[in-house]
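**Q** Quick one, fold the following:
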Amino acid sequence: MGQEFIIDSNVVIDYLAGNLPARGMNFLNRIVNKTPFVSVITKIEVLGFKSNVETSKLLSGFFLDSIIIALNANIVDKTIEIRKQHKIKTPDAIIAASAMNIGFGILTRNTKDFNTISGLKLINPFDL
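**A** Got it, this is the predicted structure:
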């Protein structure tokens, strides 16, 4: 099996809105069809915005079909370590720590938010 990924909030939104280029959509389709992985932070960020009923159902359905990586002691400790070593926002540090905890990369439009963290594979679906 190839590299697995956690999907960042911006990619979830762009994917569900059909805003990714064709190659990015095809790449995400393969991941989503296998069962997407997301951090609990992504769920909070995406569902935390007010939306109409149709959009809310689409977003909620995506997360019902996803594996949500919850916070645990290892992820909390890794988040603290990342925050001490890098200038990174706490939600991004949690997403990075979650990915690293399970040996996954991150699919994100904002690779600059994570690119100082060594050993973390990043893919921007807009660059495929």
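
**Q** switch to C-alpha atoms for all contacts and neighbour counts from now on
**A** OK.

**Q** quick one, strands of the protein?
**A** Counting by DSSP state E, the chain has strands at residues 5-7, 37-39, 67-69, 105-107, 122-123.

**Q** Now distance to Lys50 too, for those, in TSV please.
**A** Converted to TSV, these look like this (distance: least, CA to CA, whole Å):
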stretch	distance to Lys50
strand 5-7	21
strand 37-39	20
strand 67-69	21
strand 105-107	24
strand 122-123	28
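
**Q** now those strands as CSV including mean neighbour count and mean pLDDT?
**A** What follows is those, written out as CSV (neighbours: other CA atoms under 10 Å; pLDDT from 0 to 100):
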stretch, mean neighbour count, mean pLDDT
strand 5-7, 24, 97
strand 37-39, 25, 97
strand 67-69, 17, 98
strand 105-107, 23, 98
strand 122-123, 18, 96
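
**Q** Show me the one of these that comes nearest Ala93.
**A** Ranking the strands of the chain by proximity to Ala93 (CA to CA) places strand 37-39 first, at 10.8 Å.

**Q** what packs against the closest one?
**A** Packing contacts for strand 37-39, counted by 3 or more CA pairs under 8 Å, 6 or more residues apart in numbering; DSSP states H and E, involve strand 5-7, strand 67-69, helix 90-102.

**Q** mind redoing it with 10 Å?
**A** If you count contacts as 3 or more CA pairs under 10 Å, 6 or more residues apart in numbering; DSSP states H and E, strand 37-39 packs onto strand 5-7, helix 9-16, strand 67-69, helix 90-102, strand 105-107.

**Q** The longest one to helix 9-16, inter-axis angle?
**A** Orientation of helix 90-102 against helix 9-16 (axes from the mean of the first three to the mean of the last three CA atoms, to 10 degrees) gives an angle of 80 degrees.

**Q** and helix 90-102, C-alpha only, in PDB?
**A** Once non-C-alpha atoms are left out, helix 90-102 reads as follows in PDB (Å, rounded to 0.1, in the frame of the first residue of the first chain):
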ATOM      1  CA  THR A  90      -1.700  25.000  17.500                       C
ATOM      2  CA  PRO A  91      -4.400  23.500  15.200                       C
ATOM      3  CA  ASP A  92      -1.700  22.900  12.500                       C
ATOM      4  CA  ALA A  93       0.600  21.400  15.100                       C
ATOM      5  CA  ILE A  94      -2.100  19.000  16.200                       C
ATOM      6  CA  ILE A  95      -2.700  18.000  12.500                       C
ATOM      7  CA  ALA A  96       1.000  17.400  12.000                       C
ATOM      8  CA  ALA A  97       1.300  15.500  15.300                       C
ATOM      9  CA  SER A  98      -1.700  13.400  14.300                       C
ATOM     10  CA  ALA A  99      -0.200  12.500  11.000                       C
ATOM     11  CA  MET A 100       3.200  11.700  12.400                       C
ATOM     12  CA  ASN A 101       1.600   9.600  15.200                       C
ATOM     13  CA  ILE A 102       0.100   7.200  12.600                       C
END
